[in-house]
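*Asks:* would you be able to build a 3D model of this:
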Amino acid sequence: MSATPSFLMFMKTWLPHLWGSGFGCLLATVGLLAVWAKQRRLLGSRGNLPPSPFQFPLLGCIPLLGSLPHEAFARWAKKLGKIYSCRLGGKTVIVLNDAEIIREALFQPVFSGRPRMYTAEVTGKRLGITFASDETWSIHRTFAFKTFRALGVGQGKIAELIQEEAEKMVNNISQLNGQTFCTTQIIRTTIGNLLASILFGERFDYDDPETHAFFNKMNAVVRYFGPCGILNIFPVLRHIPSIAASFRLVTDALDGAGQYINRLIKHRGGSTYPRTVFDYTDAFLNAQDKEREMFGKPKLFTDQQYMGSARELFFTGYDTTTSTLRWVSFLHPAISSTETERTSSVSHE
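*Replies:* Prediction:
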């Protein structure tokens, strides 16, 4: 279902470019016909699939979702029941529209995996936590939870770090002397510093050009990854030049972000095992050294897995928290102003 907004964004952003060239039109037509033929074969026998709403050739239910997909899914649930199926492009999905059924399903091991998606295969090689499955997902998910709990995330321990970064943010704002400014960059840097402290034991310099380059790469991922989600439905569209160029921006940005993270932690590998754990990287290196001691080399805690996990944890926390704080400050300016004054008074005590 996550591919739906990406499809709508694709229709607005890339369709004019797609149909603007004869080559793109021909390539897209051939690709879509191939997908349609495959769907015809698959739909020949629905097997034991639950009921489904009306579905268009090739696109399935996507054109019926509109700009508020959750409302469409709710309407279908009233008509078809709490469990139904629908097709999103070339993918048939089963929709669970009941809290109790969802809870029951998620407790079953058979539902603990992740679907194979083209964008995840290319950008992350199914490493990390978000798109991994089976043993890799289970081990690294548990490892991340235990590590963050030990570091004080969600507890008073981390509140001190948040307060410290909030004070720095207020000081930077006060230096603007009342000038109009965009909150985006300063909030992103503040959130980035919190995440970098937890993950890497480092913090960013607000005025460092490399820091700004790193955030620009993260912003490129935020901007272009959504429209590229159409590739998870129709991977054949990767051959369209405009879409390929956009996806290349995402992969290049992720590679650049990975190189920056490597520079942040390059001095960490020489520490003696077991090292004192101050951040996620320390804990991961301890687990890596333990595997090296047991098996001769890391098996699950490899350098590639570290990069996949660290990059995912940083990116997901960075984007969601930044967006939330920006919306809060926009929708509740009075509360935002009060909290700023409170933080400022604390920092001057």
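*Asks:* quick one, domains of this protein?
*Replies:* Using automatic domain parsing, the domain parsing of the chain gives 1-111, 114-349.
*Asks:* tabulate the ones you listed (a markdown table), appending mean pLDDT and mean neighbour count.
*Replies:* Just so you know, the C-beta spots here come from the backbone N, C-alpha and C atoms, and that holds for glycine as well. Output for those, formatted as a markdown table (pLDDT from 0 to 100; neighbours: other CB atoms under 10 Å):
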| stretch | mean pLDDT | mean neighbour count |
| --- | --- | --- |
| domain 1-111 | 74 | 14 |
| domain 114-349 | 82 | 16 |
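*Asks:* show me where the stretch 51-200 of the chain has its strands.
*Replies:* 83-88, 91-96 (DSSP state E, counting those that start in this stretch).
*Asks:* can you state the direction angle for the first one and strand 91-96?
*Replies:* Computed by axes from the mean of the first three to the mean of the last three CA atoms, to 10 degrees, the angle separating strand 83-88 from strand 91-96 equals 150 degrees.
*Asks:* show me what strand 83-88 is packed against.
*Replies:* Strand 83-88 sits against helix 3-13, helix 69-80, strand 91-96, with contacts defined as 3 or more CB pairs under 8 Å, 6 or more residues apart in numbering; DSSP states H and E.
*Asks:* contacts for the last one next, please.
*Replies:* I take that to be strand 91-96. With CB atoms under 8 Å, 6 or more residues apart in numbering as the test, strand 91-96 has contacts from 1, 3, 42, 49-50, 60, 73, 76-77, 82-87, 102, 105, 115, 232-233.
*Asks:* also stretch 133-151?
*Replies:* Under CB under 8 Å, 6+ apart, the answer for stretch 133-151 is 112-114, 126-129, 132, 154, 157-158, 198, 277, 279-280, 283-284, 287, 300, 305, 309, 313.
*Asks:* for it, C-alpha coordinates in CSV please.
*Replies:* Below are the C-alpha coordinates for stretch 133-151, written out as CSV (Å, rounded to 0.1, in the frame of the first residue of the first chain):
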residue,chain,number,x,y,z
SER,A,133,13.9,-10.5,6.6
ASP,A,134,14.3,-13.9,8.3
GLU,A,135,17.2,-14.3,10.6
THR,A,136,19.0,-11.1,9.6
TRP,A,137,15.9,-9.0,10.4
SER,A,138,15.2,-10.7,13.7
ILE,A,139,18.7,-10.5,15.0
HIS,A,140,19.4,-6.9,14.0
ARG,A,141,16.0,-5.6,15.1
THR,A,142,16.5,-7.2,18.6
PHE,A,143,20.1,-5.9,18.7
ALA,A,144,19.0,-2.3,17.9
PHE,A,145,16.2,-2.3,20.5
LYS,A,146,18.6,-3.6,23.2
THR,A,147,21.3,-1.2,22.3
PHE,A,148,19.0,1.8,22.3
ARG,A,149,17.5,0.8,25.6
ALA,A,150,21.0,0.5,27.1
LEU,A,151,21.9,3.9,25.8
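*Asks:* number the residues from 237 up from this point.
*Replies:* Shifting the count to begin at 237 puts that one at stretch 369-387.
*Asks:* distance between it and the chain's centre?
*Replies:* In terms of CA atoms, centre = their mean, to the nearest Å, the centre of stretch 369-387 is set 17 Å apart from its chain centre.
*Asks:* over to stretch 515-533?
*Replies:* Using CA atoms, centre = their mean, the offset of stretch 515-533 from its chain centre is 26 Å.
*Asks:* residue contacts, the nearest residue to residue 426 once chain neighbours are set aside?
*Replies:* With CB to CB, 6 or more residues apart in numbering as the criterion, residue 426 has its nearest non-adjacent residue at 4.5 Å, and that residue is residue 405. Taking CB under 8 Å, 6+ apart, we find residue 405 in contact with 422, 423, 425, 426.
*Asks:* which of the residues you listed fall in helices?
*Replies:* 422, 423, 425, 426 (DSSP state H).
*Asks:* looking at these, spot the one nearest residue 454.
*Replies:* Of all the ones in helices among the contacts of residue 405, residue 454 sits closest to residue 425, with 10.9 Å by CB to CB.
*Asks:* from residue 544, how far out is that closest one?
*Replies:* Going from residue 425 to residue 544 by CB to CB, to the nearest Å gives 24 Å.
*Asks:* again with residue 416
*Replies:* 40 Å.
*Asks:* kindly report the same for residue 454.
*Replies:* Residue 454 is 16 Å from residue 544, by CB to CB.
*Asks:* tabulate the strands of the stretch 287-436 of the chain (JSON lines), appending distance to residue 380.
*Replies:* Listed next are the strands of the stretch 287-436 of the chain as JSON lines, based on distance: least, CB to CB, whole Å:
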{"stretch": "strand 319-324", "distance to residue 380": "29"}
{"stretch": "strand 327-332", "distance to residue 380": "26"}
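*Asks:* closest one to residue 358 among the ones you listed?
*Replies:* Among the strands of the stretch 287-436 of the chain, the nearest to residue 358 by CB to CB is strand 327-332 (17.3 Å).
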